[in-house]
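Visitor: When you get a sec, could you give me coordinates for this:
(2 chains)
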Amino acid sequence: MGSKQSIFTEEQLDEYQDCTVFTRKEILRLYHRYHSLAPEIVPCHFNDCADIKLPLELISEMPELKENPFHQKVLQVFSEDKQNKMSFNDFLNMFSILSDLTPQHLKAHYAFKVYDFNSDNFICQSDVEVMLAKLTGDELSDEEVQLVCNKVMEEGDLDGDGKLSFTDFEYMITRAPDFMSTFHIRI
Amino acid sequence: MVNTNKTKKNNREDLEKIGIQIDADETTDTAEEEDDDNEEEDIKQPAKIRKKQNNRKSSKPSDEDEDNSDEDTKLKARNNRRRLPVQNGIRKNKNDKDDESDEEKSTDTAKNSRTKARNKDNGKGEESDDNSELEGENKKTRKNPVHNNNRNNRNNANKRQKDEDNKKVKQANSRGNRKGEKDNGKDKKKKGKSSSSSSSSSDSEDTLSEGELAKVLEEVEEKKMLIAAIRTKAWRMKRKLTTLKESQEFVEKFEGALGKGKGRKFYAYKVMMMKKWIKFKRDFENFKTSCIPWEMKIKEIESHFGSSVASYFIFLRWLYGINLVLFSLTFGLVVIPEVLMGLPYGSIPRKTVPRKEQPTAMDFSVLWEFGGYIKYSALFYGYYNNERMIGVFKYRLPLSYFMVGVGSFGYSLMVVIRTMARNARENGIDGDDGDFNFSWKMFTSWDYLIGNPETADNKFASITTSFKESIVDEEESQKDENIHLRRFLIVLANFLIFCCLAGSGYLIFYVVKKSQTYSTLEELTWYQKNEIDIVMALLGMFVPPLFETIAGLENYHPRIALKWQLWRMFALFLGNLYTFLLALIDQVNAQLAEEESIKNKTLAMVNSFNFTNSTSESIPAIDPADFPRGPCWETGVGLEFTKLTVSDILVTYGSILVGDFLRALFVRFINYCWCWDLEYGFPSYTEFDISGNVLGLIFNQGMIWMGTFYSPGLIGINILRLLTSMYFQCWAVMCCNVPQSRVFKASGSNNFYMSLLLLILFLSLLPVIYTIMTFTPSFDCGPFSGKTKMFEVIMETIQNDFPAFIGKLFSYASNPGLILPGILLMVLAIYYLNATSKTYETANLELKRKMQMLRDEQKNRRNNKYTVNPMLQDLEDLLPNNANVNKPESNQIVIGKQPNEATRANGKHGKEMTLAPPPPRMVVTKPPNPRQVSHIPGQPRSGTPGSGPRRPSPGQSRH
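Guide: Next comes the predicted model:
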């Protein structure tokens, strides 16, 4: 941490602090994490690596993400380009959204994107099935999966089109007691 | 020539500004994906082109311009409607609203068409972004409509400028360069007045009018808002950064131009101070977060055990923070001044160990009981002198003692209530538990904090079990159960628990009574000395499991069962505590009576001492240690609380060591040579008992609050306890506990625990206030000795140190004639607020019911339709125009339009289109055949082929 000034310029730090919920220390810590993921690629000084990107597989090795059944989708949602790579900006953004200081509606927005596995802007039956498979493995029988899917749709679907739009999802998720504490990664 | 130069300069600045504005304007649209980026480019284009032309005076029309013309016309169409009100300059309020709604509509339609166009091009729709963004905007509208209005205003202006720009580009193209430019210049000049184009260059400043100023100010404010809110925007980082930079530049540039004449310097000063203030705030924030301890430890626990166990440690940390403040108050304002500036140890009787106790005063066994030197140290009430002012600073110690005692209660109350209010605000909309059972399980059960493979496995298993349980519940919910048996069991369980509570209460009362008879005895065994503590600790250890066993009879849902369990344990602890307090008050009364007799004796002695002093004028050689003294009940009370706290600490740590650590050792190492699997079989490892631990912490805090007035050192002990407990329990939990097999949290547990804490705070406030108000302080120890009541110290200060009129004021204020109306007013206020909240509650309920009804109705309608569907389908097939005309069109519209519609109608009607009959206003934007959509076979709704199995509906099975 001694090389505070040399990693970022003051303006960069200020800008990042404006754009994320992090403090200076956390930003530096995140950069160290990012750096330690691939020390040979990422330089020590941020200024030299403005457009260096790391592959998602590398990032998913982080202990914070590794066990998460949704980590692939999370990384995809937050990575900017389509080549499965992630820049430091995206990296920072991701952890900012997942931090506990982020307001609920923003979290809901990204949670929706994460759980929308086929990216059709709705959470439909197939998404729920995928989720269920990721959460429970193959423990549930087909009928049970069907039942759960139907139940989820029945509960959340306020307008009756058989899938959850963002509005439905937000309405449901903002009432969940645990959402804010579970959709959260501490850095 | 000079003139033209000026205009040119103006122009350029205008244009730059427009560029900026346009970008900012773009922020209202979403440009998350590349398509949107393209669009952004498109819109930026005119400004760029203009710039190019102005600078280079080359009249090359760019190709993109032509491409854009399509969009431009749309924009124009959109803006034509607005031009009128904008040109009028200041709008009337009445118009504003109409305009806003109008605009909303027009934006929507424009967007629709744009989206459609884009869809045509790209095949795949990216509507979601617009969608969500719009929603965000809607939210904003709700929050501060005024601002949005302003922004709309400005948007209008911007759009118009853009439009005119475009027009002018074309003009320039047709007419030739120079002329066009001149034209532009004039145009700009004209526009400069109506729109907000003002620049920081000196010549335009002179022409700034009031209206322009206001507009620029508005805009700057707007940008500042944007900067403040940028972190809550759902944008990519890159976009955030660029937007931020642009807005900052804008603010930088135009802030200086604001303010007029004399006000200007002041304004600049204000702006500068504002910047400094923001910087300071940020630094302070940075400093504050760097002071938060144990972040890494908690993170480690979180990744091993999930958020629920970690919540205990976060609570512990929070309490530590509060205690640290209380500690610094007490030590900084009471203990340290007394130690530094008061009379030293041994100078007066109250600061000396009595002769009788001196031989044993340094024995460990005595010190362990807080006797001997500790009892007569600054840790306890009795040590403090009643001198009004001490030291060179004339520090008023008794007053500060009193104020700190009261102030720490005030501070604790404030903090707890504020935290509760914040929690309540955060999860204010608590849904009904039954509504989203499965959805919540699905979407919020995975804990993103988990980073440990073993815990992850456990979590998977627990999620699976919970799903299975819910499924079973769901299937069995219709089944009738024996309600009579269940009721009987519940009553039985409650009866048993009541018996337990009463029994434990009586036991404590009995023990305390017995211990009072011991005080007459000379020699006490170790057991007799510690009987109360031992009994209380044992009760605390064995009764809660008993409760749990009994609660098994009730067969509640675990969440409810946990709450019951907590309340019962709370009642147990509370009963114990209050029995203890009652016994203590008995003891205090006895000591007060004893004190009376000693007081007479001492007074006689002091009198004689004075007498001899005055006659012989020689200092009598009475050692302070030999001075007769009263029992000093305050120190006694403080002593009791300290002992209780310490024994509580020991019991807690001991139980962790034995119950967790030794058990873990046993299970781990004996497992190699045991006949069954210990790790998964009977003893197994322990799970971390969150509720028990939190309750323990809360009660400990209650004791601290109660005892700290009579024993200022207690808070220091508590600080040590919390500190060690953080490390010790962290270690214990990581080394000998296993993640819970059944992870669930009491819903909104945070506030549940907080309310327990508040209750305890209040309950511990009561006895302290009672003793302060009713008992006479000891005559020979403590800062209030010599007074009849402790609170007299305030009156004394008012009389002696304040000017007379304040004393008068105070006496007026304490007049019942004023106090009674005050109380009455407060009662009225409470009544009124209560009534209002009731009204809101009913309104809320009403709304909820309405929503429920709406949902049910829709469901019914859907179901009905499914039954009628086959017939309708037949009919539809008969109608030729349905199949031919509407199919392609409706397809397009669904792709392009639905999300927007959904947003506009808050998602309610967007889907109604597809399944329910559309409400009348839908007809305007949609061809009247809503059901088409849902049953066109193989129609990819959103561009993704095979978007998965849809809800099995009769509509599909038909084909």
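Visitor: would you list every one of the strands in chain A?
Guide: Counting by DSSP state E, chain A has strands at residues A:53-55, A:85-87.
Visitor: Let me fix that, I meant to ask about the stretch 551-700 of chain B.
Guide: Along the stretch 551-700 of chain B, the stretches classed as strands by DSSP state E, counting those that start in this stretch are B:686-687.
Visitor: same thing with chain B?
Guide: B:686-687, B:737-738.
Visitor: Which neighbouring elements make contact with the first one?
Guide: Going back to what we said before, that points to strand B:686-687. strand B:737-738 (3 or more C-beta pairs under 8 Å, 6 or more residues apart in numbering or on different chains; DSSP states H and E). In short, each C-beta sits where N, CA and C put it, glycine included.
Visitor: Quick check: chain neighbours aside, which residue is closest to the most centrally placed residue in chain A?
Guide: The centre of chain A sits closest to A:Val74, judged by C-alpha atoms, centre = their mean, with a distance of 4.1 Å. Nearest in space to A:Val74, with sequence neighbours left out and distances taken as C-beta to C-beta, 6 or more residues apart in numbering or on different chains, is A:Val114 at 5.4 Å.
Visitor: Can you give me the neighbour number for that neighbour?
Guide: A total of 21 residues lie near A:Val114 under the criterion other C-beta atoms under 10 Å in any protein chain shown.
Visitor: could you list every residue that touches it?
Guide: A:70, A:73-74, A:77 (C-beta atoms under 8 Å, 6 or more residues apart in numbering or on different chains).
Visitor: Format the strands of chain B as JSON lines; extra columns: mean neighbour count.
Guide: Listed next are those as JSON lines, based on neighbours: other C-beta atoms under 10 Å in any protein chain shown:
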{"stretch": "strand B:686-687", "mean neighbour count": "18"}
{"stretch": "strand B:737-738", "mean neighbour count": "20"}
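Visitor: Rebuild those strands as JSON lines, extending it with mean pLDDT.
Guide: Below are the strands of chain B laid out as JSON lines (pLDDT from 0 to 100):
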{"stretch": "strand B:686-687", "mean pLDDT": "80"}
{"stretch": "strand B:737-738", "mean pLDDT": "80"}
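Visitor: Format those as JSON lines; extra columns: distance to B:Trp235.
Guide: Formatted as JSON lines, these follow (distance: least, C-beta to C-beta, whole Å):
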{"stretch": "strand B:686-687", "distance to B:Trp235": "43"}
{"stretch": "strand B:737-738", "distance to B:Trp235": "42"}
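Visitor: Lowest mean pLDDT among the helices and strands of chain A, which one is it?
Guide: helix A:4-7 (a mean of 59; mean pLDDT, DSSP states H and E).
Visitor: The residue nearest to B:Asn530 when sequence neighbours are not counted and B:Ser764: what is the separation?
Guide: The shortest distance from B:Asn530 to any non-neighbouring residue, by C-beta to C-beta, 6+ apart, is to B:Ser647 (7.2 Å). Distance, B:Ser647 to B:Ser764, using C-beta to C-beta, to the nearest Å: 18 Å.
Visitor: the more surrounded of those two?
Guide: When neighbours are counted by other C-beta under 10 Å, B:Ser764 comes out ahead of the other of B:Ser647 and B:Ser764, with 23 against 16.
Visitor: and the closest residue to B:Asn386 other than its chain neighbours, backbone torsions?
Guide: Distances taken as C-beta to C-beta, 6+ apart put B:Ser785 closest to B:Asn386, at 4.6 Å, once the chain neighbours are dropped. Here is the backbone geometry of B:Ser785 (degrees, to the nearest 10): phi -70, psi 140.
Visitor: so how far is chain A from B:Ser785?
Guide: Separation of B:Ser785 from chain A (C-beta to the nearest C-beta, to the nearest Å) stands at 50 Å.
Visitor: B:Asn693 now?
Guide: Taking C-beta to the nearest C-beta, one finds B:Asn693 at 18 Å from chain A.
Visitor: Touching, A:Asn162 and A:Cys124? I think so.
Guide: I think there's a mix-up here, since residue A:162 is Gly and not Asn. Yes - A:Gly162 is within contact range of A:Cys124, at 7.2 Å (criterion: C-beta atoms under 8 Å).
Visitor: how about the helices of chain A, start to end?
Guide: Using DSSP state H, the helices of chain A run over A:4-7, A:10-19, A:24-37, A:56-59, A:63-66, A:71-78, A:88-97, A:104-115, A:125-136, A:142-156, A:166-173, A:179-182.
Visitor: Same list, these, but as TSV with distance to B:Ser691 please.
Guide: Converted to TSV, the helices of chain A look like this (distance: least, C-beta to C-beta, whole Å):
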stretch	distance to B:Ser691
helix A:4-7	43
helix A:10-19	38
helix A:24-37	32
helix A:56-59	37
helix A:63-66	28
helix A:71-78	32
helix A:88-97	31
helix A:104-115	26
helix A:125-136	26
helix A:142-156	28
helix A:166-173	26
helix A:179-182	17
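Visitor: among those, which is nearest B:Asn700?
Guide: Among the helices of chain A, the nearest to B:Asn700 by C-beta to C-beta is helix A:179-182 (24.7 Å).
Visitor: Can I get that closest one as PDB, trimmed to CA atoms?
Guide: Output of helix A:179-182 as PDB, limited to C-alpha atoms (Å, rounded to 0.1, in the frame of the first residue of the first chain):
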ATOM      1  CA  PHE A 179     -31.900 -10.100  -0.700                       C
ATOM      2  CA  MET A 180     -29.700  -7.200   0.500                       C
ATOM      3  CA  SER A 181     -27.600  -9.400   2.700                       C
ATOM      4  CA  THR A 182     -27.100 -12.300   0.300                       C
END
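Visitor: That one and chain B in contact?
Guide: Yes - part of helix A:179-182 sits near chain B under the criterion C-beta under 8 Å from any C-beta of the partner chain, namely A:179-182.
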